[in-house]
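Q: Kindly generate the corresponding structure for this input.
(chains A and B)
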Amino acid sequence: GENVEQHPSTLSVQEGDSAVIKCTYSDSASNYFPWYKQELGKRPQLIIDIRSNVGEKKDQRIAVTLNKTAKHFSLHITETQPEDSAVYFCAALRFKAAGNKLTFGGGTRVLVKP
Amino acid sequence: DVKVTQSSRYLVKRTGEKVFLECVQDMDHENMFWYRQDPGLGLRLIYFSYDVKMKEKGDIPEGYSVSREKKERFSLILESASTNQTSMYLCASNKGGRETQYFGPGTRLLVL
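A: This next block holds a predicted model:
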């Protein structure tokens, strides 16, 4: 089955700096890669996703890049703010007709220091 | 607005007890999922269901079972709770495939 590894497990950045989280996946047929953000005491929520037919996607201060050859994808947060402090999870999915399930990475705890 | 609710936020049970965790979604989603969340291990899939009465094992199904008798409700059952099942349990649902998964608030289970 799919295996997703996520690094680093914790990341501390100064407010205004950039943060980068990297994930690698094992199944070369995986074709959908979402990122979820979980603030302290709250439920995970989707913040951005990318499909395998594109290499990069941006949404304001966040972007995701995908390298299918190397089987890795990354989340980039620019101009970090205190509200970016959270746990971030990457995930991978191999889309099929039925029974689709995400495989999540272990999570990255991001702390933005004011 | 999608709403996924879970029957309890906190639960304390004794070893050997049968435990029921319930999840309800109000958006007519086909798929429902049960995860457990442990520090450093991310979200691990226990079971999921893509239709009423249909279920599939996830990555860590041992010690758990599920039931989906109605489309909006997905139950996770611990037949005989053990201390290593102490964890945060999260339910999620989506329309299917690559659609966003919407999570419930979670149930923090402590097994003594």
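
Q: Identify the single longest strand in chain B, thanks.
A: The longest strand of chain B (DSSP state E) is strand B:42-51.

Q: buried set for that one?
A: Judged by neighbour count (16 or more other CB atoms under 10 Å in any protein chain shown), strand B:42-51 contains these buried residues: B:G42, B:L43, B:R44, B:L45, B:I46, B:Y47, B:F48, B:S49, B:Y50. All C-beta atoms are positioned from the backbone trio N, CA, C, and that covers glycine.

Q: Now do the following helix or strand past it: which elements does it pack against?
A: Sequence order places strand B:54-57 as the next helix or strand after strand B:42-51, per DSSP states H and E. On a contact count with 3 or more CB pairs under 8 Å, 6 or more residues apart in numbering or on different chains; DSSP states H and E, strand B:54-57 meets strand B:42-51, strand B:64-70.

Q: Can you tell me which of these is nearest to A:S74?
A: Among those, strand B:42-51 comes nearest to A:S74, with 16.7 Å by CB to CB.

Q: Neighbouring strands of the closest one in the sheet, and parallel or not?
A: strand B:31-38 (antiparallel), strand B:54-57 (antiparallel) (DSSP bridges).

Q: Now the longest one: buried residues?
A: Put plainly, it is strand B:31-38. Quick answer for strand B:31-38 (16+ other CB under 10 Å): B:N31, B:M32, B:F33, B:W34, B:Y35, B:R36, B:Q37.

Q: right, and the pair among those residues with maximum separation?
A: Pairwise over the buried residues of strand B:31-38, using CB to CB, the maximum falls at B:N31 and B:Q37, 18.6 Å.

Q: What residues does chain A have near chain B?
A: Residues of chain A lying close to chain B (CB under 8 Å from any CB of the partner chain) are A:1, A:6, A:9, A:32, A:34, A:36, A:42-46, A:49, A:51, A:89, A:93, A:95, A:98-107.
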